[in-house]
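>>> just the structure for this:
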Amino acid sequence: MSPIEQSVPRDGADGLLDRIEVSGIRAWGRHGVLAAEKELGQEFGADVTLHLWTGPAGRADALSRTVNYAVVAEAVAEEITTGSHDLVETLAERIAARILEDVGRPLVRRVGVRIHKPGAPVGRPIGDVTVTIERDAAPVSGVLALGGNLNDRAQILERALASLAAHPLVDVEWTGPVLETAPVGGPDGQGAFLNSVVGVRTALGPFALLDLAHRLEREARRERLVRWGPRTLDVDLIAYGDLRSADEELTLPHPRAHERAFVLAPWHAARPEAELPGHGSIAALLEGAADRGDLAPGPEIAGFGRP
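Down below sits the predicted model:
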């Protein structure tokens, strides 16, 4: 692959953001510095551009994997009609925050807002006054579980962590220790796994972070031949902020994390006060995990065991 091709985002894991544009939203508002503007009001217009990774929605034809722009348009109109601001700039900021923190959260990673005030009282005929802003969503904390039981297990984990840490939109905040564990489920005769957990802070959306997890598996030449069978690398997205999702491709929090000691134990070692969304304290979950007795200390691997 050429240097140019390497620099071009190819999918969500690269931070590629598609755009949904909703333009010409109109509503009556009472924004302006003059008393008459606040008393009588005037029509305002708004255009919004939503930046998000739409690949998962397009592939599955699933509205749940994207943003409902009818809901976005209604929220924008509500912000125009609610309250009164001296500045159009303030209205633009409120609309951006409403999208990033409410109706577009967490899929929308950037939003552009343009406010139109064609009736602005500037003392002479004009066509329009516009204010345009662009704002990014705040990074989100996530938890990934890494494990494998084929080939050079330690080297594969080390390379996966290094690749994750090198991603420009991912900051590795903490890592759990490496544990050696017996296989859970799957065919008999498998070798022991090395497992750990990594905490990240990322600008990627949830599906894009899942894409990145799958990319790490491909880099390790992961083959999906048998359910829960032996594998070079398994990377599971355990939690993404407080997001709850029942999507068949991205269930959050991970549907079995609350009962797996090989996830809970390294997480607890790095973050003793942590909680799994919807399930409570990691410490309490670990105490009740059936496979807790199957854990053993793993080898020292560069980058792991850094709370």
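
>>> give me the element residue 44 is part of.
In this structure, residue 44 sits in strand 42-52 according to DSSP states H and E.

>>> now residue 79
Here residue 79 is assigned to helix 69-81, by DSSP H and E.

>>> which outside residues touch that helix?
The contact list for helix 69-81, computed with Cβ atoms under 8 Å, 6 or more residues apart in numbering, reads 20, 22, 25-29, 31, 44, 46, 48, 50, 91, 94-95, 98-99, 102-104. Every C-beta, even on glycine, is put in place using the N, C-alpha and C of the backbone.

>>> try 7 Å
Outside helix 69-81, the residues that touch it by Cβ atoms under 7 Å, 6 or more residues apart in numbering are 20, 22, 25, 27-29, 44, 46, 48, 50, 91, 94-95, 98-99, 102-104.

>>> helices of the stretch 51-200 of the chain, start to end?
Ranges of helices within the stretch 51-200 of the chain are 55-60, 69-81, 88-98, 153-166, based on DSSP state H, counting those that start in this stretch.

>>> still on that earlier bit, average model confidence for the strand holding residue 44?
Mean per-residue pLDDT for strand 42-52: 98.

>>> try stretch 79-92
On average, stretch 79-92 scores 97.

>>> over to stretch 277-291?
Taken as a whole, stretch 277-291 has a mean pLDDT of 95.

>>> one step back: reformat the helices of the stretch 51-200 of the chain as CSV; add mean neighbour count and distance to residue 209.
Listed next are the helices of the stretch 51-200 of the chain as CSV, based on neighbours: other Cβ atoms under 10 Å; distance: least, Cβ to Cβ, whole Å:
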stretch, mean neighbour count, distance to residue 209
helix 55-60, 16, 12
helix 69-81, 18, 23
helix 88-98, 19, 23
helix 153-166, 18, 10
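
>>> mind putting the ones you listed into TSV with distance to residue 293?
Shown next, in TSV, are the helices of the stretch 51-200 of the chain (distance: least, Cβ to Cβ, whole Å):
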stretch	distance to residue 293
helix 55-60	38
helix 69-81	48
helix 88-98	48
helix 153-166	21
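
>>> now the helix holding residue 79 against helix 88-98, angle please.
Angle, helix 69-81 to helix 88-98, by axes from the mean of the first three to the mean of the last three Cα atoms, to 10 degrees: 140 degrees.

>>> any weak-confidence spans in the stretch 201-307 of the chain?
For the stretch 201-307 of the chain, the stretches with pLDDT under 70 are 224-229.

>>> how about the strands in the stretch 201-307 of the chain?
Here the stretch 201-307 of the chain has its strands, by DSSP state E, counting those that start in this stretch, at 234-240, 245-246, 251-252, 275-276, 280-281, 295-297.

>>> gap between the longest one and the chain center?
From the chain centre to the centre of strand 234-240 is a distance of 11 Å (Cα atoms, centre = their mean, to the nearest Å).

>>> so what touches that strand?
140, 142-148, 160, 206, 209-210, 213, 216-217, 250, 252-254, 257, 263, 276-277.

>>> run the chain-centre distance for the helix holding residue 79.
Using Cα atoms, centre = their mean, the offset of helix 69-81 from its chain centre is 23 Å.

>>> residues contacting residue 28?
So residue 28 contacts 41, 43, 81 (Cβ under 7 Å, 6+ apart).

>>> okay, angle between the helix holding residue 79 and strand 42-52 too, please.
140 degrees.

>>> pull helix 69-81 out as CSV, backbone CA atoms only.
Extracted in CSV, the C-alpha atoms of helix 69-81 (Å, rounded to 0.1, in the frame of the first residue of the first chain):
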residue,chain,number,x,y,z
TYR,A,69,-32.7,13.0,11.3
ALA,A,70,-36.4,13.6,12.0
VAL,A,71,-35.6,13.6,15.7
VAL,A,72,-32.6,15.9,15.1
ALA,A,73,-34.8,18.4,13.1
GLU,A,74,-37.4,18.4,15.9
ALA,A,75,-34.7,19.1,18.5
VAL,A,76,-33.2,21.9,16.4
ALA,A,77,-36.6,23.5,16.0
GLU,A,78,-37.3,23.2,19.7
GLU,A,79,-34.0,25.0,20.6
ILE,A,80,-35.0,27.8,18.2
THR,A,81,-38.5,28.2,19.8
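
>>> quick check: phi and psi on residue 178?
The phi/psi pair for residue 178 (degrees, to the nearest 10) reads phi -90, psi 130.

>>> please indicate which of the contacts of strand 234-240 are buried?
140, 142-148, 160, 206, 209-210, 213, 216-217, 250, 252-254, 257, 263, 276-277 (16 or more other Cβ atoms under 10 Å).

>>> residue contacts, residue 289?
Per Cβ under 7 Å, 6+ apart, neighbours of residue 289: 259-261, 264.

>>> endpoint to endpoint, stretch 118-127 covers what distance?
One end of stretch 118-127 sits 6 Å from the other (Cα to Cα, to the nearest Å).
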